[in-house]
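K.L.:
only the shape, not the letters, is given here:
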């Protein structure tokens with residue numbers, strides 16, 4: 001397998017080379033589904049499993065846990081990673097690419113619905129949920145949302161636009 005330097009390999013390299021500093025942050029921001037490449041998805045899953053098991057996220061332990069078939073991809077990733085400087089941008093790019101793929105899939109499903117209006121509405125609601133996944137949407141009862149609104153209005157700090 002010949003890997004290319006991209007956001008997937010960049011974030012995995014940062015995770016494997018600087019785990020004490022970055023593992024918690026990277027694993028909190030990404031999910032295996034954010035990795036379109038199946039091999040890299042499995043590497044991320046394996047690193048996540050090591051971390052959740054309170055083991056060191058380390059290239060050797062990762063290969064040992066996943067099998068020798070992953071030795072070459074791990075070696076390539078470690079070899080081509082020279083910096084951890086851009087890991088946050090790589091995480092953001094992977095998340096955005098995954099969300100875009102989900103939205104495109106939902107749009108294709110909506111477009112392919114011939115006469116099923118109920119199905120099209122359900123798919124449109126799902127697409128809307130995907131579009132507002134950035135945390136801008138707040139859910140709760142009317143009383144909870146109003147209490148939150150009043151609390152935010154009484155905050156003396158000026159809003160950050």
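P.N.:
Happy to help now that I have it. Just so it is clear, the model here is predicted, and its values are computed rather than measured.
K.L.:
residue 6 is in contact with residue 40, correct?
P.N.:
No: at 9.3 Å, residue 40 and residue 6 do not qualify as touching, with contact defined as C-beta atoms under 8 Å. Quick note: C-beta positions are derived from backbone N, CA and C, even for glycine.
K.L.:
tell me which of these two has more neighbours.
P.N.:
Counted by other C-beta atoms under 10 Å, residue 40 and residue 6 do not tie: residue 40 has more neighbours, with 22 against 14.
K.L.:
need the contact list for the more buried one.
P.N.:
3, 8, 9, 12, 73 (C-beta atoms under 8 Å, 6 or more residues apart in numbering).
K.L.:
centre of the chain to the lowest-mean-pLDDT helix or strand in the chain, how far?
P.N.:
Every helix and strand of the chain was ranked by mean pLDDT, DSSP states H and E. The lowest is helix 117-131, at a mean of 75. Centroid separation for helix 117-131 versus its chain: 22 Å, with C-alpha atoms, centre = their mean, to the nearest Å.
K.L.:
likewise stretch 48-56?
P.N.:
Distance, stretch centre to chain centre, for stretch 48-56: 18 Å (C-alpha atoms, centre = their mean).
K.L.:
then stretch 151-161?
P.N.:
Chain-centre distance of stretch 151-161: 30 Å, with C-alpha atoms, centre = their mean.
K.L.:
next, the buried residues of it.
P.N.:
Neighbour counts using 16 or more other C-beta atoms under 10 Å place no residue of stretch 151-161 among the buried ones.
K.L.:
and the average pLDDT for it is what?
P.N.:
Throughout stretch 151-161, pLDDT has a mean value of 78.
K.L.:
so what's the residue sitting nearest the centre point of the chain up against?
P.N.:
In the chain, the residue lying closest to the centroid (C-alpha atoms, centre = their mean) is residue 30, at 2.8 Å. Listed by C-beta under 8 Å, 6+ apart, the contact set of residue 30 reads 11, 44, 91, 94, 95.
K.L.:
from those, which two are the most distant?
P.N.:
Longest distance between any two of the contacts of residue 30 is 12.8 Å, between 44 and 95; criterion C-beta to C-beta.
K.L.:
now the common contact residues for these two.
P.N.:
Joint contacts of residue 44 and residue 95 (C-beta under 8 Å, 6+ apart) are 30, 34.
K.L.:
who's more crowded, these two?
P.N.:
A direct count of neighbours by other C-beta under 10 Å for residue 44 and residue 95 places residue 44 higher, at 25 against 18.
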